[in-house]
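> just need the structure, nothing else, for what follows:
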Amino acid sequence: MDNKNFIIAIALSLAVLIGWQYFFIEPRQDAQREAAVEQQVDNAATPETTDHAGLPQPDGNGNAQTAPGQGTGPSATAKDRPTALAATNRVPIATPRLSGSINLTGGRLDDLRLKDYHETVNPESPTIVLFSPSGAPQPYYAEVGWVAGGDNAQKIQVPNADTVWTVEGEATLTPTTPVTLEWTNPSGITFTRTFAVDDNYMFTVTQGIENKSADAITLFPYGLISRHGTPETSRFFVLHEGPIGVYGDSGVKEYDYDDLVDDGPITPDKVNDGWLGFTDKYWASTLVPNPGSAFQPRLSAVERNGREIYQADYLEDAITIAPGQSGESRNLLFAGAKEVGVINGYENSLGIEKFDLLIDWGWFYFLTRPMFYALDFFYKLVGNFGVAILIVTVLIKAAFFPLANKAYVSMSKMKKLQPEMVKLRERYKDDRVKQQQAMMEIYKKEKINPVSGCIPIVIQIPVFFSLYKVIFTTIEMRHAPFFGWIQDLSAPDPTTVFNLFGLIPWDPPSFLMIGIWPLIMGFTMWMQMKMNPTPPDATQAMIFNWMPVIFTFMLASFPAGLVIYWAWNNSLSVAQQYIIMRRQGVKVELWDNITGLFKRKKASNESSS
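Have a look, this model is predicted:
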């Protein structure tokens with residue numbers, strides 16, 4: 001392989017990795033430092049927001065007189081989550097995948113745990129908390145309700161965050177037993193909220209009204225998700241975490257939390273279908289208004305007691321209910337883990353437009369989604385995502401074999417011509433133009449592509465990126481074990497050579513966490529480079545010698561699954577290049593280059609003595 005082309009190929013790969021280091025690794029370290037600072041901040045409860053500027057305002061002609069989210073809600077004096085939960089009466093939630101409760105004060109869904117997911121790889125660690133009540137350190141909840149409108153809006157008392165509901169019938173929400181809450185205002189208007197849930201993470205909330213008053217009433221249905229405090233995010237460029245929504249045909253809209261603080265409320269045009277809410281790396285909560293009902297979406301933030309409160313809400317068009325008549329409004333609420341199969345199932349079965357985009361596949365979804373489905377397919381066959389990565393790598397190698405084979409054959413021919421190339425450089429050393437012309441004539445005669453050496457690395461870059469995206473983004477890879485010490489393929493190798501892989505009781509800093517798999521990756525990369533002759537230029541030789549070391553340190557902080565892929569891919573490349581070079585009658589320089597290192601060291605020691 002021509003040394004210049006080899007350096008170009010390495011430079012391309014290095015540029016990609018340096019970019020990842022800059023955009024992903026360093027921001028993650030910054031986020032960790034900020035999180036440590038935030039732990040020292042008082043997490044005392046924050047009163048709920050009553051500022052809802054930006055929603056439709058009253059005009060006396062059937063528009064809303066007030067905005068959703070009124071009321072002060074439960075007492076905000078609790079110092080921990082269990083105390084906040086115990087402060088009000090509740091209806092339990094018990095499903096195969098969820099546990100929690102509905103708050104009878106306010107009729108909110110504000111207590112939710114994901115039973116299948118734990119905070120760490122230890123199955124005894126606490127399960128993931130999604131929703132928490134007002135008064136807890138980090139309130140996060142969903143609420144539905146009505147906003148009074150029309151000429152007599154001031155006379156209509158609607159339920160708010162302080163309303164105490166009663167339970168009708170079943171007192172536990174399960175997939176087979178919905179729960180209905182009821183409250184009647186002084187005017188004789190009865191409000192009901194019926195909660196239903198499936199076996200996964202989708203709630204159906206139906207609001208009913210029975211107008212027993214003497215006057216017609218006009219009400220606007222609303223739904224909201226409120227999140228108190230700016231959540232900790234991974235701060236990675238390849239992943240969106242924050243407010244999100246799909247409004248009609250506009251496609252997915254993603255915003256940072258800072259956008260709501262700096263730019264004010266975001267109020268898209270009124271639409272007839274869509275959804276909105278908040279997404280984390282692995283979890284999400286989204287409201288889905290009743291399809292076909294016109295609604296006004298909004299995302300906003302206000303500051304209370306030194307921290308922001310973020311809200312995603314919608315306001316539907318008004319409904320008018322005559323005396324003695326009834327009415328209702330229905331919406332969906334997704335609150336759970338962003339599992340690919342579950343999310344896709346909801347999009348198809350419930351007709352939720354572009355709901356699959358709740359998972360951040362990125363711009364190159366045409367690569368990342370097939371990569372996930374391939375890994376998931378083999379995982380279901382072998383039961384191990386790490387093994388699935390190895391199998392998919394082999395299949396990718398096989399798919400690109402004709403292209404890579406052509407490249408390695410061309411590299412082998414170039415290696416055969418190395419003596420002749422050296423003579424050309426000597427003959428035209430003072431005339432670079434003639435030197436290049438003579439070399440191109442030889443390439444043309446021998447049917448050699450001079451840039452073929454870049455192909456194996458160039459085709460690896462999109463595969464590397466798509467695999468990185470899948471491992472980092474999809475919840476299926478979270479806490480997925482391989483073998484031995486790798487218990488989470490989405491996290492870096494937890495071992496490090498700097499404490500002798502745990503034999504020394506010392507926790508090195510993050511930049512010294514060079515585990516076993518990064519070392520294996522570095523060694524296989526070094527082997528691949530030693531397949532070619534040592535460059536005559538001292539600078540090039542130094543670059544080749546140090547490149548595996550640099551890559552080892554850089555990839556050490558990447559997910560272990562990605563490092564395993566890189567090491568396995570290097571190993572397959574070495575074997576492939578070795579076989580092709582032997583078939584072309586070209587000497588493999590691997591052993592000579594390795595022994596040459598020791599000979600040079602021995603000669604250097606003898607000369608110095």
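
> C-alpha from now on. contacts and neighbour counts both.
OK.

> so where is the stretch 51-200 of the chain shaky, pLDDT-wise?
51-78 (pLDDT under 70).

> now do the helices in the stretch 51-200 of the chain.
With DSSP state H, counting those that start in this stretch as the criterion, the stretch 51-200 of the chain has helices at 81-86.

> show me where it has its strands.
Using DSSP state E, counting those that start in this stretch, the strands assigned to the stretch 51-200 of the chain run over residues 90-94, 98-103, 108-118, 127-131, 140-149, 166-168, 179-184, 189-197.

> looking at these, which one is packed in the most?
Highest mean neighbour count among the strands of the stretch 51-200 of the chain (mean count of other C-alpha atoms under 10 Å): strand 140-149, with a mean of 26.

> Serialize the strands of the stretch 51-200 of the chain to TSV and add fields for distance to Ile550.
What follows is the strands of the stretch 51-200 of the chain, written out as TSV (distance: least, C-alpha to C-alpha, whole Å):
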stretch	distance to Ile550
strand 90-94	51
strand 98-103	45
strand 108-118	35
strand 127-131	37
strand 140-149	43
strand 166-168	64
strand 179-184	59
strand 189-197	51
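
> between those strands, which gets nearest to Phe551?
Closest approach to Phe551 among the strands of the stretch 51-200 of the chain (C-alpha to C-alpha): strand 108-118, 32.4 Å.

> and that closest one, what other elements does it pack with?
strand 98-103, strand 127-131, strand 140-149 (3 or more C-alpha pairs under 8 Å, 6 or more residues apart in numbering; DSSP states H and E).

> go with 10 Å
helix 81-86, strand 90-94, strand 98-103, strand 127-131, strand 140-149, strand 217-228, strand 326-337 (3 or more C-alpha pairs under 10 Å, 6 or more residues apart in numbering; DSSP states H and E).

> so which of the strands of the stretch 51-200 of the chain comes closest to Phe236?
Per C-alpha to C-alpha, nearest to Phe236 of those: strand 127-131, 21.3 Å.

> now the residue nearest to Pro481 when sequence neighbours are not counted: phi and psi?
Excluding the flanking residues, the one nearest Pro481 by C-alpha to C-alpha, 6 or more residues apart in numbering is Gln487, at 4.0 Å. Main-chain dihedrals, Gln487, degrees, to the nearest 10: phi -100, psi 0.

> follow-up on the earlier one: now distance to Gly264 too, for the helices and strands packed on strand 108-118, in CSV please.
Compiled in CSV, the helices and strands packed on strand 108-118 are given as follows (distance: least, C-alpha to C-alpha, whole Å):
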stretch, distance to Gly264
helix 81-86, 30
strand 90-94, 35
strand 98-103, 30
strand 127-131, 25
strand 140-149, 20
strand 217-228, 16
strand 326-337, 25
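
> run a quick neighbour tally on Ala399.
11 (other C-alpha atoms under 10 Å).

> thinking again about what came up before, right, and the strands of the stretch 51-200 of the chain - which one's nearest Tyr468?
Nearest of the strands of the stretch 51-200 of the chain (C-alpha to C-alpha): strand 108-118, 21.9 Å.

> how about stretch 423-443, which residues are buried there?
Across stretch 423-443, burial judged by 16 or more other C-alpha atoms under 10 Å covers Leu424, Arg425, Gln435, Ala438, Met439, Ile442, Tyr443.

> go on, stretch 377-389?
Result for stretch 377-389 [16+ other C-alpha under 10 Å]: buried residues Phe378, Tyr379, Asn384, Phe385, Gly386, Val387, Ala388, Ile389.

> nearest to Gly561 among these?
Nearest to Gly561 among these, with distances taken as C-alpha to C-alpha, is Gly386, at 6.5 Å.

> for the closest one, what are its contacts?
Contacts for Gly386 (C-alpha atoms under 10 Å, 6 or more residues apart in numbering) come out as 375, 378-379, 392, 477, 480-483, 486, 488-489, 560-562, 564-565.

> quick revisit: between the strands of the stretch 51-200 of the chain, which one is closest to Thr218.
Taking these one by one with C-alpha to C-alpha, strand 140-149 is closest: 5.2 Å.

> before we move on, the earlier item: which among the contacts of Gly386 count as buried?
Taking 16+ other C-alpha under 10 Å as the criterion, what is buried in those is 375, 378-379, 392, 477, 480-482, 486, 488-489, 560-562, 564-565.

> I am finished for the moment; much appreciated.
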